[in-house]
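Asker: Provide a 3D model corresponding to the input given below.
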Amino acid sequence: MRCFLAIELPSAIRDRLRDLQKKIGSLGRAVRWTRVENIHLTLKFLGEVPDDKVPEICDAAVEVAAGFESFDLEIGGTGCFPPGGAARIVWVGMPNPPQMLLDCQRVCEESYAKLGFKKENRPFKPHLTIGRVKNFSASADIRAAVDQMQEFTAGRFTVDELVMFQSILKPQGPTYIPLLHAPLG
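Answerer: Got it, this is the predicted structure:
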């Protein structure tokens, strides 16, 4: 099954992200907006995991989570990936990601590398993907609309657990099913 470890967002943050999508939704069909219930902060994408290895990846998530206390996360600011050229992803960021988040993600990488999962070779840039660009010729318009929202803030919340998700790909978009909630601390 296809799995990833993430931080789930509270409904109040998701509501603000939905409002933001509507504000920049004037881009028409150039962007496929992420369903708000699917927006999360990915710490480690594992990809396809054999069924018999699922307990092992869940145990690793519990072990990682146990090593960290709860921490606050502020959501705000907007941008596109890549930073230049044709935009592919519209995102909302974390203005000053706490060291605890960065350390947690690093420990996730190390833990899953020990289990045989490939380490991410790009530096971790904590973000929430709120849309994927479908029409690359509209990149300039997309970047202009996103740039106008750089002062956007969705607020703060306390992270108190990590969630292992199964991702089921469907024609209408992915469905994420929580397999495990691992409390921090």
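Asker: Please tell me how far the closest residue to residue 38 other than its chain neighbours sits from residue 144.
Answerer: Leaving aside its sequence neighbours, residue 38 sits nearest to residue 176 (C-beta to C-beta, 6 or more residues apart in numbering; 5.8 Å). C-beta: built from backbone N, CA, C; applies to glycine. For residue 176, the distance to residue 144 equals 31 Å [C-beta to C-beta, to the nearest Å].
Asker: Which one of those two is surrounded by more residues?
Answerer: More neighbours surround residue 176 than the other of residue 176 and residue 144, with 19 against 11 (other C-beta atoms under 10 Å).
Asker: Work out the gap between the host helix or strand of that one and the centre of the chain.
Answerer: Using DSSP states H and E, residue 176 sits within strand 175-183. Offset of strand 175-183 from its chain centre (C-alpha atoms, centre = their mean, to the nearest Å): 14 Å.
Asker: Mind listing the strands it pairs with, and their directions?
Answerer: strand 161-168 (antiparallel) (DSSP bridges).
Asker: For the strand it pairs with, buried residues please.
Answerer: 162-167 (16 or more other C-beta atoms under 10 Å).
Asker: ok, now how distant is the residue nearest to residue 38 from residue 169?
Answerer: When distance is defined by C-beta to C-beta, residue 176 is 11 Å away from residue 169.
Asker: And the helices in the protein?
Answerer: Remark: helices assigned in the chain by DSSP state H are 11-23, 54-66, 99-114, 139-147.
Asker: count of residues packed around the closest residue in space to residue 93 that isn't next to it in sequence?
Answerer: Residue nearest to residue 93 in three dimensions, not counting chain neighbours: residue 77, with 4.4 Å by C-beta to C-beta, 6+ apart. Counted with other C-beta under 10 Å, the neighbours of residue 77 add up to 17.
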